[in-house]
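Q: Need coordinates for the following:
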Amino acid sequence: MRSTARAVRMRAQVLCLGAGLLGPLAACGSPPPDPGPLLAKTSQHMVLLKGFHFQMQIQGFTGSTIPVESANGDAHPPDLHSSVQLRQGGVLVQLEIIFSADQVYLKSFTGGWQRLTAAEVVQFFDPHSLFDQQDGLFAALKDTQSPKRGKQENVGSQSTWVISGTLPADRVHRLLTLISDQGSYTATYWIDSASDNLWRARLQGHLFDPAKESTVTFEFSNHDQPVTVTPPPVS
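A: Predicted coordinates:
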């Protein structure tokens, strides 16, 4: 009887190992997630993180009125410290922006920190709005319409599920005011369903011009690693 039970266990282990070699959708692994509930869980999880690192890249058409090319930094919303690259008159300029204790600070290539108003920041780029708990990207996950689950893909060494859908343009405009508020855009997310961590997000469509395509891609790392942002000395 013992030998029979042992043989059954060994056969089950062999079958599971063989299934694992066939791919991530094998029966012995976790079942594929339902895209709607996964987006809702990830939205709630990301909003509550103690901190994270982000990178943002804009590709495709932007035009002279959209000077931002990229940004990266660390955030624990509403506080954030970001480096932003702008193109002004054909020249690439790097700025630093800090949001801390409800104040906004800017450090340009000329050196020295200065305090700005929120209205002044919005004129060229407001990274603070990207991660606003009510209107930012993480909150928008649960507003994604007609979500569909794609295949599994790696983001670096992290295995993720690809979830795609659409977001109304006015909803995207709220998280990045440079984007047009007319129509709708394709939204794609790369999510680890085991941890509910969002590793990549992409917004695509006629973001800045009604006839020309653009893409905004976000990459995330250091999930839930505490971030503290302190006000800089103002010159």
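
Q: what's the longest strand in the chain?
A: For the chain, the strand that runs over the most residues, judged by DSSP state E, is strand 197-209.

Q: Do me a favour and average the pLDDT over that strand.
A: The pLDDT scores in strand 197-209 average 96.

Q: Which strands border that strand, and is each parallel or antiparallel?
A: Sheet neighbours of strand 197-209, with direction, are listed as strand 184-192 (antiparallel), strand 212-221 (antiparallel) (DSSP bridges).

Q: Flag every buried residue along the shortest one.
A: For strand 184-192, a neighbour-count test (16 or more other CB atoms under 10 Å) marks 184-185, 187-192 as buried. C-beta coordinates here come from the backbone N, C-alpha and C atoms, glycine included.

Q: Contacts for that strand next, please.
A: With contact meaning CB atoms under 8 Å, 6 or more residues apart in numbering, strand 184-192 is reached by 38-39, 42, 140-141, 144-145, 153, 155, 158-169, 172, 179, 197-205, 207.

Q: Could you pick out the buried ones from the residues you listed?
A: When burial is judged by neighbour count using 16+ other CB under 10 Å, the buried members of these are 38-39, 42, 140-141, 144, 155, 160-169, 172, 179, 197-205, 207.

Q: Report the backbone C-alpha coordinates of stretch 182-192 in CSV.
A: The C-alpha coordinates for stretch 182-192 follow below in CSV (Å, rounded to 0.1, in the frame of the first residue of the first chain):
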residue,chain,number,x,y,z
GLN,A,182,-10.9,64.4,-26.4
GLY,A,183,-11.6,60.8,-27.4
SER,A,184,-10.1,57.8,-25.7
TYR,A,185,-6.7,56.1,-25.4
THR,A,186,-5.3,52.6,-25.2
ALA,A,187,-4.0,51.7,-21.8
THR,A,188,-1.7,48.7,-21.2
TYR,A,189,-0.4,47.4,-17.9
TRP,A,190,2.2,44.9,-16.8
ILE,A,191,1.2,43.5,-13.4
ASP,A,192,2.5,40.8,-11.1
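
Q: All set now, cheers.
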